[in-house]
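Participant: please find the sequence and the predicted model below.
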Amino acid sequence: MKYIVMHDVYGEIRCEESFWTSQKTITVNGVALKKTGKLKKGVTTYEYETADGVKQVSAKGTFTSGISLTIDGETIVIDKGATWYEIVACVLIFAVTLVWGITPALYTIWPILGGALGGAMHGVFALIALLGMKSTKNMALKFIIWFAALFGTMLLSGILAIILALILI
């Protein structure tokens, strides 16, 4: 994920976070910050070299919890975290498909794929929904993104279940 924030004092602050490892690369006005260590879990310290000298910088957070920098005691929010309702909506994708998969009456209407393959697929769709919902502020669009992810996972899961049933028969 790539974030760019304009600050009155420090100018352009760029933060690139690895999706898989949550490691951050931070630049302030094109000057890369030098990583010096970790204070505690989730907080990494950096040094920022300026004409005035070296400033201590600490970076805290991740994609889901939000990212903030603290430079000389001033906290700069780089990215707000996912809201509680976005996370609950993504968990509901799992809940709906779980209930659907274990209810025989619903399963006869539209079979869905379960197990490890189904769980992985539902996880990918939930992550896509979270990424999409975090990228917009419009509540109606957030709901549409969530519903599209839910519908997409149910549709793909059903198609794969039917194909596997035909292959195994």
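Facilitator: Thanks, I have it. Residues are numbered from 1 along each chain as shown.

Participant: which strands or helices does the longest strand seen in the chain pack on?
Facilitator: Assignment by DSSP state E gives strand 53-62 as the longest strand of the chain. In terms of contacts (3 or more CB pairs under 8 Å, 6 or more residues apart in numbering; DSSP states H and E), strand 53-62 is packed against strand 24-28, strand 43-50, strand 66-71. Using the backbone N, CA and C atoms, a C-beta is placed for each residue, glycine as well.

Participant: how about the ones you listed in JSON lines, adding distance to H7?
Facilitator: Output for these, formatted as JSON lines (distance: least, CB to CB, whole Å):
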{"stretch": "strand 24-28", "distance to H7": "8"}
{"stretch": "strand 43-50", "distance to H7": "12"}
{"stretch": "strand 66-71", "distance to H7": "9"}
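
Participant: one step back: which other residues reach the longest strand of the chain?
Facilitator: Here strand 53-62 makes contact (CB atoms under 8 Å, 6 or more residues apart in numbering) with 15, 17, 22, 24, 26, 28, 33, 39, 42-49, 67-72, 79, 81.

Participant: just the strands in this structure please.
Facilitator: Counting by DSSP E, the strands of the chain are 2-7, 11-17, 24-28, 31-32, 34-40, 43-50, 53-62, 66-71, 74-80.

Participant: mean pLDDT lowest for which of the ones you listed?
Facilitator: For the strands of the chain, mean pLDDT drops lowest on strand 34-40, to a mean of 78.
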